[in-house]
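Visitor: After the sequence you'll find the predicted model.
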Amino acid sequence: MQASNPVLKLKSAAITALVMLGLALLAYELPDILDKKVLSPEQHLTTVIWVGSVYSLFALGYALVFSILGVLNLSHSAVFMWGGYIGVMSVIRYDVPIYYTLPLAMLGGGIIGVLVDLIAFAPLRRRNAPRISQLISSLGASAVLVNLAQLEFGTSPERFPRTTLKELPYEATVARPYTIGWLGAEFRITPLQVSIVVIAFALMFLLQYLVARTKTGKAMRVVAFNQKVAGLLSISVGGIFRLTFFLAGALAGAAGVLYALAYPSLTPFTGDEMALKGLTVIVLGGLGSIRGAVLGGLLVAAFEVYATAIGYSWLKDALPFVALFLILLFRPQGLLGEATVKRA
Amino acid sequence: MRSKNLLFVFVLITTLALPLGAVAQDDGERPLIGAWDTCADPANLSGEVKIGVAFAQSEAAAIYGVPQQQAVELAIAEINESGYLGEATLVAVTEDAGSTPETAISAFTNLVAEDVSAIIGPTLSNQAMAADPVAFGTERQESGDPLIPVVGVSNTRTGMETDFAASYGDGGAYFRRISLPESKVIPGTVEQVVDILGIETVGIMYSDNDQFTASAYEVFVSALEENGVEIVATETFATGDVDFTAQLTNIIAANPDAIVVSALAAEIVPLLEQARSQLGYTGPIIGGNGFNTPGIASEDRGAGTDANGVVVGGAWNVARQNEISTAFTAKYEEEYGTPADQFAVQAYTGTWVVATAIRCADSADPAAVLEALATTADFETPLGTFSFDEDGLPEHEPVAQIIKDGQYLLLTEESAAEVFGE
């Protein structure tokens, strides 16, 4: 759970700043060292920000459930994929206006999240099953959700119909060239991409606010700290669990719709592609840390894009893991994670 | 009195209907395709002749596998209705080959256990490399069971014949394909594109973890070099990726005359939209065989107008049809409600080629079927005049096409000018 201690806050801000500075330096120096030329760095940076924001939003669900339950919910990627389908299919099959797909997918994702908790986690929790059993159980839930999607939607890639996207105001799918004069930077971005970044960050700030500043958030943190203590304070532990799964599912649903808006190629296996990225994001950022997930998402996207930018596109999927390995050597708890101290 | 009337009506109807039926049997139902005269009606065939059919009915490659399956069913219906195999009925034993090598292997394992005379499929080249040996590979050879011919209708990876021969000796000859390998399609396409569009430099993008796209990449490189085209940028991605903006940014910044892409269908739509709508690239995009499905240019579910200016070599084009092809596409659309694509046409041709081998061999024995199959020459099909060359490679004339507003037009100076407005 997020640090509320001002010293820790300062520390995490310092780490974030250091990482960013280090990356900027690396980005600047590496091409010279390798004798490679980076073509349109500003366009690559644009890609990092908007792809990274979707990664972060997706990974937040993992982080949220982990921080409260201490267990990874591996069905999160399948809920994400279902979120995408709820959005796309509500438009294709029922002509739902595109603006309603985000809340609809969030609601749907949330409900699927709660169902996953009720079916795959709660019975095991009641029997005090070890966490590894819960992990495997969530993996099973993921397989079932993927298979259900395969049965219902088939396997050909689906997308938001182009005609629907074209009806969006401001020609949202067409990129505009922008120039930042004093930097001499030129890049192209679509209004849709800008909206995706804005929505993703807005949702992340909302979650951060909910956890850090509200009474519910406080209750969540107490449950994360110790369930027995939470019980003594008459906090409904089961209720908090369900709320956590609902929120994580809603985030997955939102990420799914944003993903489907961004990429016209949604299949029942889309979640599998994202699962590994999402796990890298939260381990990199620090398991259970909300800010860590945001930083991790941007970092993973940066590594992927930068590998391509310097001409090593064949390394793009490996580079985030190399970085992960190196970072874990120095900070086993992840960039913004807190070291676990076991007390007798 | 009443029963007499009824009897009269019955007799009248039967006498009128009998000749009608006979006429339909003789002329009306004989398809345009088939070695009706070159091979006599089979005398020794009877009962059921089983062939295995294994296409991707699930996962990503189902986009190709479903039309293939439909076309095979349509061909088998024609073959049986026309009595092409004499007394015998052609029966398809169908298995879902999925979209991975593993699922194709299990489909093939089930099919060889059914004592089929030949197998048609699987959909993808990397599935074929893994699964085809189940029918004729070392294990089969050592078991003493008869080797079974496998006819690929969409495997286009270069060198499959030589690879199989190297690994399985004579067993390798049991692999035949209808689909022109990229090595036969791409050089012709590149030559025409360079000639018609005046291209001097290209950037290349390909998926490096798929055998089919990687081998097509190599063929592109040698064809481009032969035509004196300079490669100014090369980028890779993985099958299943959806974001290509970083690679495209690099390529576009290198300012090539055209972008060459070797990818599978699922990656193509996001790639085209990112190149056109997001990064503003307007030049030609030259594609491999993965671009040969109308779904890619569909206005609603594909890349729509972002697919304009895609140039792709193919085995077949709706704008260059012979009468066999026209008859098939009309029938296919009537039956399934969607236009037939190249994959459907090739699967239909493959089924007829296999049935012809069975007819000409006058036997359902796999070895006899292979022998007849290998001598297929000058066979009139929807793809044109089809033969196997001396190396066992398929031969018919390929066709270069350009996409405009969802249509695959023949690539000519006029059609190119229409698309690029020059």
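Guide: Received it, and whenever you're ready, just let me know what you need.

Visitor: Quick check: the gap between whatever residue of the stretch 151-300 of chain A ends up closest to chain B and B:Gln346.
Guide: Scanning the stretch 151-300 of chain A for proximity to chain B using Cβ to the nearest Cβ identifies A:Tyr263 as nearest, at 4.0 Å. From N, CA and C alone the C-beta is placed, and that goes for glycine too. A:Tyr263 sits 30 Å away from B:Gln346, going by Cβ to Cβ, to the nearest Å.

Visitor: who has more neighbours, those two?
Guide: In this comparison of A:Tyr263 against B:Gln346, neighbours counted by other Cβ atoms under 10 Å in any protein chain shown, the higher total goes to B:Gln346 at 30 against 23.

Visitor: can you confirm B:Val345 is in a strand?
Guide: No - under the criterion used here (DSSP: H, G, I helix; E, B strand; the rest coil), B:Val345 is helix, not part of a strand.

Visitor: ok, it - contacts?
Guide: Remark: with contacts taken as Cβ atoms under 8 Å, 6 or more residues apart in numbering or on different chains, B:Val345 is in contact with B:71, B:315-316, B:325, B:328-329, B:382-383.

Visitor: What's the local residue count around the closest residue to the residue of the stretch 151-300 of chain A closest to chain B other than its chain neighbours?
Guide: In space, A:Tyr263 comes closest to B:Val242 once its chain neighbours are excluded; the distance is 4.0 Å by Cβ to Cβ, 6 or more residues apart in numbering or on different chains. Close neighbours of B:Val242, defined as other Cβ under 10 Å, add up to 23.

Visitor: cool, the one 3 residues further on as well?
Guide: Counted by other Cβ under 10 Å, the residues lying close to B:Thr245 total 25.

Visitor: so where's chain A uncertain?
Guide: Residue ranges of chain A with pLDDT under 70: A:1-6, A:8, A:26-39, A:183, A:338-344.

Visitor: B:Ile358 and B:Ala364, how far apart?
Guide: Counting by Cβ to Cβ, the gap between B:Ile358 and B:Ala364 amounts to 6 Å.

Visitor: between the two, what contacts are shared?
Guide: Both B:Ile358 and B:Ala364 are contacted by B:45, B:49, B:117, under the criterion Cβ under 8 Å, 6+ apart.

Visitor: hmm, back to that, what's the ChimeraX syntax to select whichever of the contacts of B:Val345 are buried?
Guide: Only the buried members of the contacts of B:Val345 enter the following ChimeraX selection, criterion being 16 or more other Cβ atoms under 10 Å in any protein chain shown:
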select /B:71,315,316,325,328,329,382,383
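
Visitor: so which of the contacts of B:Val345 also contact chain A?
Guide: With Cβ under 8 Å from any Cβ of the partner chain as the criterion, those include none near chain A.

Visitor: with the contacts of B:Val345 in mind, which one is nearest to chain A?
Guide: The shortest gap between chain A and any of those belongs to B:Ala71, at 17.1 Å (Cβ to the nearest Cβ).

Visitor: Look at that closest one and tell me its secondary structure.
Guide: Classification of B:Ala71 using three-state DSSP returns helix.

Visitor: Likewise for B:Thr305?
Guide: With three-state DSSP as the basis, B:Thr305 sits in helix.

Visitor: Surely it and B:Glu299 touch.
Guide: Yes - using Cβ atoms under 8 Å, B:Thr305 is in contact with B:Glu299, at 7.4 Å.

Visitor: which residues do the two both contact?
Guide: Common neighbours of B:Thr305 and B:Glu299 are listed as B:Asp405 (criterion: Cβ under 8 Å, 6+ apart).

Visitor: so how many other residues sit close to B:Glu87?
Guide: With other Cβ under 10 Å as criterion, B:Glu87 counts 12.

Visitor: OK, contacts around the closest residue to it other than its chain neighbours?
Guide: With Cβ to Cβ, 6+ apart as the criterion, B:Glu87 has its nearest non-adjacent residue at 4.5 Å, and that residue is B:Ser46. B:Ser46 makes contact with B:86-88 under the criterion Cβ under 8 Å, 6+ apart.
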